[in-house]
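Enquirer: what's the 3D shape of this:
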Amino acid sequence: MIAWGAPSTSTFSHASTPASEVSNVSVFVLTITGLIFLAMSGLLTYALVRFRGRKGDMSEPAQVFGSVQIELSWTIIPILIIVVLFLTTARVLFSVQDAPKPASALDVTVVGHQFWWEFRYPKYNVVTANELHVPVSATAADRPTFLKLTSADVIHSFWVPQLAGKTDLLPNRVNEMWIDPGQPGLYVGQCAQFCGAEHAKMLLRVYVDTPEQFQEWIANQEKREPELTAQGTGEESGANPRGARNVAHAGTQVAVQNSPATVEDMSLARHGKSEEISQEVGQYVFEHQACISCHTVAGTVATGRYGPDLTHLMSRATIAAGAAPNAQEQLLRWITDPNQIKPGSLMPAMHLTDTQNEQITAYLLTLK
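Expert: Reported below is the predicted structural model:
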């Protein structure tokens, strides 16, 4: 399974030091084993041709019992090959696992969930999901990313072939790995440990940004409230036939002012009867459903931690851990019934009306 809209993966196309080391070991082992295969195939072919049965030859082949030279050769040579492979692999393991951590390194905590990824940036107090952003680590500006990996439920495995070998995420344990991608771009991977029904769609997207792009992304993610657009309210064009709306967050309170029509819409929304598709009504519906028990939207009553943080949902290119593009049509399908996109997903269908699903979608589309 390859992440939606992403380039294909290749174990031998490396863009980071750990991946390069793993790739070099793989090529070395394939070379050694390839030579062994060719040697054994050549000897077998020679024996089949040289000692094949011939027409009319009824004599018994010469019986040879024991050969010190042959016994020594097929014992010593394999031992030497194993020792060489062992030492080569050990050198790579120690060079990757014991790599020094520079002061400029970026720390990220990775938490595996069924069936999505949570990424925490402790230094910036940023939490996001499924799409990891890291800065490029060039020679002139060395800034590797050190990852601490753990699991919230079952065993998962973090694997982005072009950046590093796979590392397991275990409950109640923290494993570590690091990457230092030298070229900006998108690198994809997925969970490499079977973790349940939707393991195949627990996909990964790693965006390697330039320093400027990374700081811009961090600045947007650090905002305590998402940058709300005026979608669905008519404010972009200056026209607002239903009256001006002013939604102000004050702790967990949402005040709606200067619009009797909006108050009426909220009252109707409480009973599932509002037909207006707008950001404000959508937010009201979202905050009065079980959505807030699982998801967080900073600055609102939604403080759930079971599902992905939605504060900056629309800054991501995909939804459902890379299973679908983050577009209005797909988002509506996901909210209406997640099984349409990801059968076996632990996110339940809320069985709301079509209008309520559209209202929530209209609100989520504003979370930049």
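Enquirer: Now Thr109: closest residue in space, sequence neighbours ignored.
Expert: Arg120 (4.2 Å; Cβ to Cβ, 6 or more residues apart in numbering). For the C-beta atoms, the positions are set from N, CA and C on the backbone; glycine is no exception.
Enquirer: and what of Val285?
Expert: Gln359 (4.8 Å).
Enquirer: ok, back up a step: which SS class is the residue nearest to Thr109?
Expert: Assigned with DSSP: H, G, I helix; E, B strand; the rest coil, Arg120 falls in the strand class.
Enquirer: how close does it get to Met177?
Expert: For Arg120, the distance to Met177 equals 15 Å [Cβ to Cβ, to the nearest Å].
Enquirer: contacting residues for the residue minimising distance to the centre of the chain?
Expert: With distances taken as Cα atoms, centre = their mean, the chain has Leu204 as the residue nearest its mean C-alpha position (2.2 Å). Neighbour list for Leu204: 3, 117, 130, 132, 158-160, 188-191, 321-322 [criterion: Cβ atoms under 8 Å, 6 or more residues apart in numbering].
Enquirer: In helices, which of the residues you listed appear?
Expert: Judged by DSSP state H, helices contain none of those.
Enquirer: Of these, just say which sits nearest to Ser315.
Expert: Asn130 (11.5 Å; Cβ to Cβ).
Enquirer: Any idea how many residues pack against the closest one?
Expert: 23 (other Cβ atoms under 10 Å).
Enquirer: Show me the protein divided up by domain.
Expert: Using automatic domain parsing, the domain parsing of the chain gives 1-38+68-222, 247-364.
Enquirer: circling back: okay, Arg120 and Met177: which has more neighbours?
Expert: Remark: of Arg120 and Met177, Met177 carries more neighbours, 20 against 16, as counted by other Cβ under 10 Å.
Enquirer: Where does pLDDT dip in the chain?
Expert: 1-8, 139-141, 224-274 (pLDDT under 70).
Enquirer: Distance check, Glu118 against Phe286.
Expert: Taking Cβ to Cβ, one finds Glu118 at 20 Å from Phe286.
Enquirer: More neighbours: those two, which one.
Expert: Phe286 (24 against 19).
Enquirer: in terms of contact, does that one touch Ser293 like I think?
Expert: No - the pair formed by Phe286 and Ser293 falls short of the contact definition of Cβ atoms under 8 Å, at 11.6 Å.
Enquirer: does Leu30 belong to a helix or a strand, and which?
Expert: helix 17-50 (DSSP states H and E).
Enquirer: Could you check that helix and say which residues are buried?
Expert: 17-23, 25 (16 or more other Cβ atoms under 10 Å).
Enquirer: cool, and stretch 146-159?
Expert: Per 16+ other Cβ under 10 Å, stretch 146-159 contains these buried residues: 146-151, 154, 156-159.
Enquirer: Let's have the residues you listed in a markdown table, adding secondary structure and distance to Val29.
Expert: Shown next, in a markdown table, are the buried residues of stretch 146-159 (DSSP: H, G, I helix; E, B strand; the rest coil; distance: Cβ to Cβ, whole Å):
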| residue | secondary structure | distance to Val29 |
| --- | --- | --- |
| Phe146 | strand | 27 |
| Leu147 | strand | 26 |
| Lys148 | strand | 29 |
| Leu149 | strand | 26 |
| Thr150 | strand | 31 |
| Ser151 | strand | 30 |
| Val154 | coil | 31 |
| His156 | strand | 27 |
| Ser157 | strand | 21 |
| Phe158 | strand | 23 |
| Trp159 | strand | 19 |
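Enquirer: and the helix or strand encompassing the residue nearest to Val285, what other elements does it pack with?
Expert: Using DSSP H and E, Gln359 falls within helix 354-364. Helix 354-364 is packed against helix 279-287, helix 328-336, with contacts defined by 3 or more Cβ pairs under 8 Å, 6 or more residues apart in numbering; DSSP states H and E.
Enquirer: Tell me which stretches of the chain form strands.
Expert: For the chain, applying DSSP state E gives strands covering 106-113, 116-121, 126-129, 131-135, 145-151, 156-159, 167-169, 175-179, 185-191, 203-209, 247-250, 253-256, 318-319, 324-325.
Enquirer: now these as TSV including distance to Arg52?
Expert: Formatted as TSV, the strands of the chain follow (distance: least, Cβ to Cβ, whole Å):
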stretch	distance to Arg52
strand 106-113	58
strand 116-121	59
strand 126-129	65
strand 131-135	60
strand 145-151	57
strand 156-159	48
strand 167-169	51
strand 175-179	54
strand 185-191	50
strand 203-209	54
strand 247-250	87
strand 253-256	88
strand 318-319	61
strand 324-325	61
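Enquirer: out of these, nearest to His351?
Expert: strand 318-319 (19.8 Å).
Enquirer: His199 and Phe12, how far apart?
Expert: 24 Å.
Enquirer: oh sorry, the question was meant for Thr145
Expert: Thr145 is 22 Å from Phe12, by Cβ to Cβ.
Enquirer: of these two, who's got more company?
Expert: For Thr145 versus Phe12, neighbours defined as other Cβ under 10 Å are more numerous around Thr145 (22 against 13).
Enquirer: which ones are touching the more buried one?
Expert: 105-108, 134-135, 137, 178-180.
Enquirer: For Phe86, state which of the residues you listed is nearest.
Expert: For those, the nearest to Phe86 is Trp178 (23.8 Å; Cβ to Cβ).
Enquirer: correct me, but the closest one touches Ala19?
Expert: No - counting by Cβ under 8 Å, Trp178 does not reach Ala19; the two are 11.2 Å apart.
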